[in-house]
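Asks: sequence and computational prediction follow.
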Amino acid sequence: MQRLTAWLALGCSLIWLGCSTYEPKVVSFKLPEAYANMQRVAGAYVAARAWTDEQEAQNAFGFNILRAGLLPVQVSFDNRGSQTLVIEPSQTFLINQKGEVFPVLDETEAYERVARGTRSLEQVKGLTQGALAGGATGALLGAAIGVVAGHSAGEAAMRGATIGGAVGGLAGVARGTDTDVPRAIAENLSRRNLKNKPIKPGELAYGIILFPREAGSPRALRLQLQDTDTRQTHTLNLPL
């Protein structure tokens, strides 16, 4: 399975926000039944939504994630079946209204998109890459299934909601130094268990998948799941 990067946690340092503090917050999610595109596979109920409006995306993530060149898609699961499932990011794609297909962003491209919006690129690189090397070795970081888990969420609740990198939602306030936010983000990343985790029977789970914003208006998410025991794959096309 590919190693991909959840660079949601870098975005608070974008220049247009002028952040001085970093406050992880939970991005809420709805049960799959709340969405018209819900589908059932292997006993699991699955649904997805995309953020395409800048203001809505900024309210949800705490920074202008779309302007950073990232198009986030949230996937929610209610695994009522008896099989343990994982997402196969290499076979997960976004399809736009023109029928064009876009892959999940890999770690290098996702990082560069966020870094281009920062005031001090080299400074952010040094901090974040150090944190990732120390705290996220072997992890499935990001663009593939980064769970948005805030500090206010209880450990027990997060245990049932973690299917990917627990990277934290973002919120920035006021103006301040250039170093405070990147350092806080790096520390937050290094504290987290960022391994891609299976969706076990009986679990509720959700995650954010990052695609390139140039995909434009999304039409559908092609999501592939794999049974961890039998290796059987299940492919869903979820209208967006």
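Replies: Structure's in. What do you need?

Asks: I'd like to know which helix or strand in this structure has the lowest mean pLDDT.
Replies: Least confident helix or strand of the chain, by mean pLDDT, DSSP states H and E, is helix 155-159 with a mean of 31.

Asks: quick one: residue 49 is in a strand?
Replies: Yes: applying DSSP: H, G, I helix; E, B strand; the rest coil, one finds residue 49 inside a strand.

Asks: list the contacts of it.
Replies: Contacts here follow CB atoms under 8 Å, 6 or more residues apart in numbering; on that basis residue 49 touches 35, 73-74, 240. Heads up, the C-betas are built off the backbone N, CA and C, glycines and all.

Asks: and these, which of them are in strands?
Replies: Among the contacts of residue 49, DSSP state E puts 73-74 in strands.

Asks: now do the helices in the protein.
Replies: Secondary structure of the chain (DSSP state H): helices at 54-61, 107-115, 121-135, 155-159, 180-191.

Asks: lowest mean pLDDT across these, which one is that?
Replies: Sorting these by mean pLDDT places helix 155-159 lowest, at a mean of 31.

Asks: poorly predicted segments of this protein, please.
Replies: 1-28, 61-63, 107-108, 110-112, 114-196 (pLDDT under 70).

Asks: quick one, strands of it?
Replies: With DSSP E as the criterion, the chain has strands spanning 39-41, 44-50, 70-79, 85-87, 93-96, 101-103, 146-147, 165-166, 204-212, 218-227, 233-239.

Asks: strands paired with the first one, and their directions?
Replies: What it means is strand 39-41. The pairing partners recorded for strand 39-41 under DSSP bridges are strand 44-50 (antiparallel).

Asks: what does the third one give?
Replies: Sheet pairing of strand 70-79 (DSSP bridges) gives strand 44-50 (antiparallel), strand 204-212 (antiparallel).
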